[in-house]
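Asks: Fold the following and give me the result.
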Amino acid sequence: MSSMIYKKKSPLLFFLVPAFLFLVVYLYYPFLQNIINTFLDIGGLGRAAEGVNDPWYANYRNLFQDPDLGTAIKNTVLLTIFTVVFQVGIALILALLVDSIRVGGKVFRTVYFFPIVISATALGLMFNLMFLYKGGMVNQLLLNMGVLESEVMGNGRQIVQWLDWKDENHFLFTMFLPVIWQYVGFYFVIIITGLNNIPGDLLEAAALDGASGLKKVRYITLPMLRNVLCTCLVLAITGALKVFDLPWVMFGAGMPQNQGWLTGTYMYDQTFNKMNVDYGSTIAVLIVVLGVVLSNVANRLFKPTEDY
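Replies: Residues are numbered from 1 along each chain as shown. Down below sits the predicted model:
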């Protein structure tokens, strides 16, 4: 019966063609049109192009001459590194710890996964209340710990040297922290699922041979998780290139001295605020190219294998 299903290929077209048409209309056509827009002179959203740029590659030339875009790429590369190290690294540690306990494991899995179900807008506002106000929670905590200096004036008014988490010394930390924190639970779930698929007989045999907990992790758990970790690393690298919502909610266009741009936020600012639609389209193409190149490099470096 099952063999007959695979011999008749025509019913498969009934399901494949609508999905393919959907991709053509809503993915491939807009992407090709976006590439065409990079060569046109578009003065604003909803406006027709006023012709071809002079020269036609002007926007691509500007990519190499725009210092703000260089800053955006640098910050995005830093975010990618921090994402790989801390998101996947913390998720791995948490997964190993939760997998080793017998009571309360489901509670921890729910708690660590919870930030993903919260919208980025809500998280951005929450971290704004924590960091970006002089009387925010973090500054209040530092004041109570004596880290911040305060002085009581003659009229009884307290003057506090509040820490500005948005200045040039702290903005990267303020921007990266919520992004990293939000998606730790996502990779935690993937890794914990991989841990559940490791045969218990291997761990029991290692314990009988006298292997300690760390040796079991090093010689059994991590090699068995190689394919899972490779998937997490590729997702983390490509995901960091597309970060937009949280940094934009927290900083918007008010980046500190134009030093806090990411590729996603800078593209949005050029397109919707500066109304430089064709240049914004060019930055979008750059993001796609970077994503394809880095994902291929990551796939080659962290290529899954069946040899454990």
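
Asks: Can you get me a residue count around Asn169?
Replies: By the other C-beta atoms under 10 Å criterion, the neighbourhood of Asn169 contains 11 residues. (Glycine included, C-beta is placed from N, CA and C.)

Asks: low pLDDT regions in the stretch 51-200 of the chain?
Replies: Flagging of the stretch 51-200 of the chain using pLDDT under 70 yields the residue ranges 151-158.

Asks: Tell me which stretches of it form strands.
Replies: For the stretch 51-200 of the chain, the strands identified by DSSP state E, counting those that start in this stretch occupy 150-152, 158-160, in order along the chain.

Asks: Could you pull out the helices in the stretch 151-300 of the chain for me?
Replies: Secondary structure of the stretch 151-300 of the chain by DSSP state H, counting those that start in this stretch: the helices cover 171-196, 200-208, 213-216, 222-224, 226-241, 245-251, 263-268, 277-301.

Asks: The second one packs against which elements?
Replies: Just to be clear, that refers to helix 200-208. Where contact means 3 or more C-beta pairs under 8 Å, 6 or more residues apart in numbering; DSSP states H and E, helix 200-208 is packed against helix 213-216.

Asks: Now the helix it packs on: buried residues?
Replies: In terms of neighbour count (16 or more other C-beta atoms under 10 Å), helix 213-216 has its buried residues at Lys216.

Asks: what's in contact with that helix?
Replies: Residues lying outside helix 213-216 but in contact with it, judged by C-beta atoms under 8 Å, 6 or more residues apart in numbering, are Ser100, Leu203, Ala206, Ala207.

Asks: Now with 6 Å, please.
Replies: Leu203, Ala206 (C-beta atoms under 6 Å, 6 or more residues apart in numbering).

Asks: How about stretch 107-124?
Replies: Taking contacts as C-beta under 6 Å, 6+ apart, the residues outside stretch 107-124 that touch it are Leu94, Val98, Pro178, Gln182, Gly185, Phe186, Phe188, Val189, Asp245, Leu246, Val249, Met250.

Asks: ok, Gln259 - contacts?
Replies: Taking C-beta under 6 Å, 6+ apart as the contact definition, Gln259 lies against Thr71.

Asks: Let's see that with 7 Å instead.
Replies: Thr71, Glu168 (C-beta atoms under 7 Å, 6 or more residues apart in numbering).

Asks: same thing with Gln87?
Replies: By C-beta under 7 Å, 6+ apart, the contact list for Gln87 reads Ile180, Tyr183, Val184, Tyr187, Ala236.

Asks: can you tell which of the helices of the stretch 151-300 of the chain is closest to Leu141?
Replies: For Leu141, the closest of these is helix 171-196, at 14.9 Å, according to C-beta to C-beta.

Asks: Against which helices or strands is that closest one packed?
Replies: helix 67-82, helix 89-99, helix 105-117, helix 120-131, helix 226-241, helix 245-251 (3 or more C-beta pairs under 7 Å, 6 or more residues apart in numbering; DSSP states H and E).
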